[in-house]
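A.B. asks: Fold the following for me, if possible:
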Amino acid sequence: MTRKLTASLVAASLVTLGGASVAQAKTTLKMATQAPKNSAWGGPLTKFAKRIKKKTKGEVELDILSNGVAGNEKNVIDKISSGQLDMAAVTAVGLSHIYKGYAAFNMPGTFKSWKNVDAARKKLKKKLKKKLKKKGFRQLGSGDVGISIVTSKGFAVKGPNDLKGKSPAALRGDPISNKIYSKIGGITPVPVTITEILPKLNSGAVNVLNSPALAQVSLQWASKVTHMNSNGTAYVTGGLIMSRKAYKNLPADQRKVVRKEARRAGRKLTKDIRRADDKARKFLKKKLTVHDPTDAEKAEWKAVFKEACKELKTSLSLLGDLGAC
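C.D. replies: Presented below is the predicted three-dimensional model:
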C-alpha cells in the first residue's frame with residue numbers, strides 16, 4: 001500500500017515537473033500596414049517586431065503584412081474586428097473607420113504645427129481611448145504620415161479654382177477631401193486606396209494629389225507629377241492599433257512588452273517621419289515646378305477649407321474639440 005502511494009506521488013511529481021518544463025506556446029500576431037516593407041514606415045515597424053520577439057524570448061512574433069496585401073484600411077479594420085488580424089498601423093482615415101471623428105485630425109487648416117498636433121493628441125487621449133475601447137480596439141501608439149501638399153501632372157494648381165475639371169485622388173472613406181472638392185465644384189475626385197494611386201497616375205485617371213511629400217516620394221508617386229504648390233494643407237496623422245481581445249489574450253508580461261515597445265516605436269516614428277517628410281519636401285522643390293501661393297491665393301484656400309469644415313462639424317464632432325473652423 002505504502003509502495004503504491006509512494007509510486008503514485010512520484011509519478012504525479014514527474015507529471016507536474018514535466019508540465020512546468022514545457023515552453024509556453026508561441027503567439028504570432030498578424031499585423032497589417034499599407035506601407036512597403038522598406039519604406040520610412042516599414043523599416044521601424046520591422047524593428048518593432050524584432051524587439052518584441054527579443055524581449056519575449058521568442059514567445060511573441062509579429063507577422064507583418066506590408067504594402068496593403070491585407071486590403072485597404074477599411075478591410076484591415078474589419079479583419080481586426082472579425083479576428084482575422086490582430087494589429088495594424090493605419091492613418092487617421094483608417095482610425096475613422098473605428099471612430100468617425102478621428103478623420104477630423106486631417107482637416108486642412110486645423111493645425112499650424114506638429115506641436116499643435118501633439119497638444120491635441122494629449123488633450124483628447126482619454127476620450128479617444130474610450131471611443132476605441134467601445135469598438136473593441138486599443139491604440140498602442142501614435143504615428144505621423146507628414147504634411148500634405150498639392151502636386152499635379154502637367155499643370156499648376158495655384159488656387160482652388162485650378163482644380164476644376166481635374167481628377168484628384170480621394171482616399172475611400174475620407175469625408176474631408178470629397179467635401180472640399182464639392183465646395184469648389186466642377187471637380188471629379190477619383191476614389192482610391194493607397195495602392196491604387198500609382199497605377200491611376202500612370203494611366204492618367206488621377207492627375208492631382210494632396211498628400212505628404214514623404215508618401216509621394218516613398219510610394220513612387222512623385223515620379224509621375226510635374227508641379228507642386230508649396231503651401232502645406234493638412235497634418236496627416238495615424239496610429240498603431242490592436243484588437244483588445246488579442247491584447248487581453250496575451251499574458252501580463254507579454255502585454256507589457258507589446259505596450260512598451262509600441263510606445264517606443266511610436267515615438268521613433270514620430271521623430272523620424274517628421275524629419276524625413278521635411279527632407280522629401282525639399283527634394284520635391286528641386287525636382288518639380290514649384291508655385292509659392294500669394295496671400296490672396298492662400299486666403300482662397302482658407303475660405304474653402306473653412307466652409308467644408310463648418311459643414312462637417314455635425315458629422316465630425318471632434319472638429320469642435322480641436323477648435324477647428
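
A.B. asks: so after the lowest-mean-pLDDT helix or strand in the chain, what's the next helix or strand?
C.D. replies: Least confident element among the helices and strands of the chain, by mean pLDDT, DSSP states H and E: helix 2-21 (a mean of 40). For helix 2-21, the following helix or strand on the C-terminal side (DSSP states H and E) is strand 27-33.

A.B. asks: can you pull out the strands in this structure?
C.D. replies: 27-33, 60-65, 87-91, 137-152, 169-171, 190-192, 208-212, 227-229, 235-243, 289-291 (DSSP state E).

A.B. asks: Tell me which of those sits most buried.
C.D. replies: strand 87-91 (a mean of 27; mean count of other C-beta atoms under 10 Å). Every C-beta, even on glycine, is put in place using the N, C-alpha and C of the backbone.

A.B. asks: Among the strands of the chain, which comes closest to Thr314?
C.D. replies: strand 169-171 (20.7 Å; C-beta to C-beta).

A.B. asks: In this protein, which residue is most central in space?
C.D. replies: For the chain, Thr91 is the residue whose C-alpha lies nearest the centre (C-alpha atoms, centre = their mean; 2.2 Å).

A.B. asks: got a list of what that one touches?
C.D. replies: Counting by C-beta atoms under 8 Å, 6 or more residues apart in numbering, Thr91 makes contact with 34, 73, 106, 145, 236-238.

A.B. asks: Would you format these as JSON lines with pLDDT included?
C.D. replies: Shown next, in JSON lines, are these (pLDDT from 0 to 100):
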{"residue": "Gln34", "pLDDT": "93"}
{"residue": "Glu73", "pLDDT": "95"}
{"residue": "Asn106", "pLDDT": "94"}
{"residue": "Val145", "pLDDT": "94"}
{"residue": "Val236", "pLDDT": "96"}
{"residue": "Thr237", "pLDDT": "94"}
{"residue": "Gly238", "pLDDT": "93"}
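
A.B. asks: Which one of those is nearest to Thr195?
C.D. replies: Nearest member of these to Thr195, counting by C-beta to C-beta, is Gln34, at 6.9 Å.

A.B. asks: wait, what's in contact with the closest one?
C.D. replies: Going by C-beta under 8 Å, 6+ apart, Gln34 touches 67-68, 72-73, 90-91, 193-195.

A.B. asks: I'd like the distance between it and Leu209.
C.D. replies: Distance, Gln34 to Leu209, by C-beta to C-beta, to the nearest Å: 15 Å.

A.B. asks: returning to what we had before: so for Gly42, which of the strands of the chain sits nearest?
C.D. replies: Nearest of these to Gly42, taken as C-beta to C-beta: strand 27-33 at 6.9 Å.

A.B. asks: quick check: angle from that closest one to strand 235-243?
C.D. replies: 160 degrees (axes from the mean of the first three to the mean of the last three C-alpha atoms, to 10 degrees).

A.B. asks: neighbours around Ser223, how many?
C.D. replies: Residues contacting Ser223 under the criterion other C-beta atoms under 10 Å number 12.

A.B. asks: nearest to Trp114, of the strands of the chain?
C.D. replies: strand 235-243 (6.7 Å).

A.B. asks: Check which helices and strands the closest one is in contact with.
C.D. replies: helix 73-82, strand 87-91, helix 92-96, helix 114-134, strand 137-152, helix 252-287 (3 or more C-beta pairs under 8 Å, 6 or more residues apart in numbering; DSSP states H and E).

A.B. asks: List the buried residues of the first one.
C.D. replies: Read that as helix 73-82. The neighbour-count check on helix 73-82 (16 or more other C-beta atoms under 10 Å) flags 73-77, 79-81 as buried.

A.B. asks: got the CA coordinates for it in PDB?
C.D. replies: Extracted in PDB, the C-alpha atoms of helix 73-82 (Å, rounded to 0.1, in the frame of the first residue of the first chain):
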ATOM      1  CA  GLU A  73      -7.600  50.300 -44.300                       C
ATOM      2  CA  LYS A  74     -11.300  49.600 -44.000                       C
ATOM      3  CA  ASN A  75     -10.700  46.000 -44.900                       C
ATOM      4  CA  VAL A  76      -8.000  45.900 -42.300                       C
ATOM      5  CA  ILE A  77     -10.300  47.300 -39.600                       C
ATOM      6  CA  ASP A  78     -13.000  44.800 -40.500                       C
ATOM      7  CA  LYS A  79     -10.500  42.000 -40.300                       C
ATOM      8  CA  ILE A  80      -9.300  43.000 -36.900                       C
ATOM      9  CA  SER A  81     -12.900  43.100 -35.700                       C
ATOM     10  CA  SER A  82     -13.500  39.600 -37.000                       C
END
